[in-house]
Every structure is written in C-alpha cells, then in structure tokens.
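**Q** my questions concern the predicted model and sequence given below.
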Amino acid sequence: MTEHAWTSVPLTDQYVRGAARLERTARGVAPHRLPERAVSQAADPQLSMVEAQPSGVRVALRTEATAVQIVGFRSRVRYTGVPPRPDGVVDLVVDGGAVAHATTSGGSTTVVDMATGSTTSDEGEDFTLTFDGLAPGAKDVELWLPHNEIVEVVDVRAEIARIVEERRADDPNLHHLDGLVLYGEEDAALRPLTDALHPDAETHRIMGERFAEEIFGRGPFAGVVRGRATPPAARG
C-alpha cells in the first residue's frame, strides 16, 4: 500500500463550491442547497432532508498532487419493505473531465416504518475515499459529492508534502508548511474570510506570527535570525 504524506484542504467556500451555505458541525462542514432562512420558513422535514443532499456541490482545488482523499460522514433514510437506494457516489473530475468515481459507506441510517410511523436509527463510521495515480503537474481537481444522501465533509487531503520533498533534491531551500497551521478550521469559525479568500488585518497579523514561529522559531530556518551577528551600535 502506498504511503501518502497528506495535507488537509481548508473546508471553506473557497474550496467547497456550489452550496448556498456551509454549516459547521462537530465533524466538519455540511453543505446546504438553501439559505437557512428559507428552510426555517418552510418548516418542512422533507424539504430539510432534500436541501441537505449536496447535489452540485464539489470540493475544487488546483494542485500538483498525484493523490487526493476525501473523508465524509453520510446520513441516509430507508423505508421498511422498500429496497434501499444505491450508495452515494463521489466523482473525481480533473481538468473538466470525469476520470474516476467511488461509492460511500458507513454513516447513519434511519429506517422508517410507513405503516406505524416508527423509526429506528443506527450509526456507523466515516467513509474514506482515496483517488491515486493522478497525472503529475498542475491541474484542476474536483470531488463532486453525492446527490442522493446527506454528507458531512470531514476532511479533504492532497499529497503536497511528498512533491515538495522530491523537489528538494534540486532545491534544498524548498520547504513545505501546511497552511492549516497558519489558518485552520477553528480560525475559519472565529475569523471567517469576509470574501471567502482574503483575511482581515488582525488575521494577517496572527498568520504572520505563526509563520515566523514555524519557520524561524522551530522550523527549517530556526536560529538564522537569532544567530545573525548584531550590528555595532551607532556612534555619535
């Protein structure tokens, strides 16, 4: 089995596209196809279930990674005496063309007895889908989520660190730093990007301080600044 050095992709609307809104959950993010106000006005359980099924929602990124992975948690409904619907499918699209797909598994299932109105539920594990063997070089990668089941996106990963490590053979000054160290999921909840792309001044400051600590405090250039000779005092 191939060992991968994964880097997580921020679960923000910069990368998770096609949703009207992203709901932060204990697991990750749940895409919705309607604004929260529209759902609350309708107060219809069937509508609430359908609008949470992420038809048309995808995770999109431009990357040189040769492998990508998605971790998710699905929620399904079954009806007693009726065959279950097919498992959801995640489609991998590269540079506009579909190249692979994989089915989801696990998650939670609610079984409804239409005769009595009773329901039973069981809860399983996250699903993890890995798409390997992507062509090298820069490319637009999209992971299209299932249209027929609710999915919470727990994590999306791309193999960036290995590519950097390989290129270090030609450039030893090339290093990899996971962007989530500078701006992670907790930061996105506390300090959301106003335009889904650019941080404000305070967030810039925090990211800069973390960058300095990671690179010059304990990273590849640790001690470079501290060890630099102190210039002589100016003479009057």
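**A** Structure received. Residues are numbered from 1 along each chain as shown.

**Q** domain map for the chain?
**A** The chain breaks down by automatic domain parsing into domains covering 7-159, 177-225.

**Q** average pLDDT for the shortest one?
**A** Right, domain 177-225. Computed over domain 177-225, the mean pLDDT rounds to 74.

**Q** now stretch 105-116
**A** So the average pLDDT for stretch 105-116 ends up being 93.

**Q** residues of the lengthiest helix in the chain that come out buried?
**A** Longest helix of the chain, by residue count under DSSP state H: helix 201-212. Buried positions in helix 201-212, judged by neighbour count with 16 or more other Cβ atoms under 10 Å: 203, 207, 210. (Each C-beta comes from the backbone N, C-alpha and C, glycine too.)

**Q** and for stretch 106-118?
**A** If you call a residue buried by 16+ other Cβ under 10 Å, then stretch 106-118 has these buried ones: 107, 109, 111-112.

**Q** same check on stretch 181-194?
**A** 182-183, 185, 187-188, 193.

**Q** now the helices for this protein?
**A** 36-42, 45-51, 161-167, 179-182, 185-190, 201-212.

**Q** format those helices as a markdown table; extra columns: distance to G124.
**A** What follows is those, written out as a markdown table (distance: least, Cβ to Cβ, whole Å):
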| stretch | distance to G124 |
| --- | --- |
| helix 36-42 | 26 |
| helix 45-51 | 19 |
| helix 161-167 | 30 |
| helix 179-182 | 27 |
| helix 185-190 | 23 |
| helix 201-212 | 36 |
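
**Q** among these, which is nearest Q69?
**A** Closest to Q69 of those, according to Cβ to Cβ: helix 161-167, at 13.1 Å.

**Q** quick one: low-confidence parts of this protein?
**A** 1-3, 160-169, 173-180, 185, 194-197, 218-236 (pLDDT under 70).

**Q** show me the strands in it, by range?
**A** 7-8, 16-17, 21-24, 29-32, 58-63, 68-79, 89-94, 97-103, 108-112, 119-123, 127-131, 139-144, 150-158 (DSSP state E).

**Q** tell me which of those strands sits nearest to G217.
**A** strand 7-8 (20.7 Å).

**Q** partner strands of the closest one, with direction?
**A** Applying DSSP bridges, strand 7-8 is found paired with strand 150-158 (antiparallel).

**Q** tell me the angle the partner strand makes with strand 108-112.
**A** If you take axes from the mean of the first three to the mean of the last three Cα atoms, to 10 degrees, strand 150-158 sits at 160 degrees to strand 108-112.

**Q** can you list contacts of strand 150-158?
**A** 4, 6-9, 11, 15-16, 25, 27-31, 49, 52-54, 59, 61, 63, 65, 67-76, 88, 104, 126, 141, 143, 145 (Cβ atoms under 8 Å, 6 or more residues apart in numbering).
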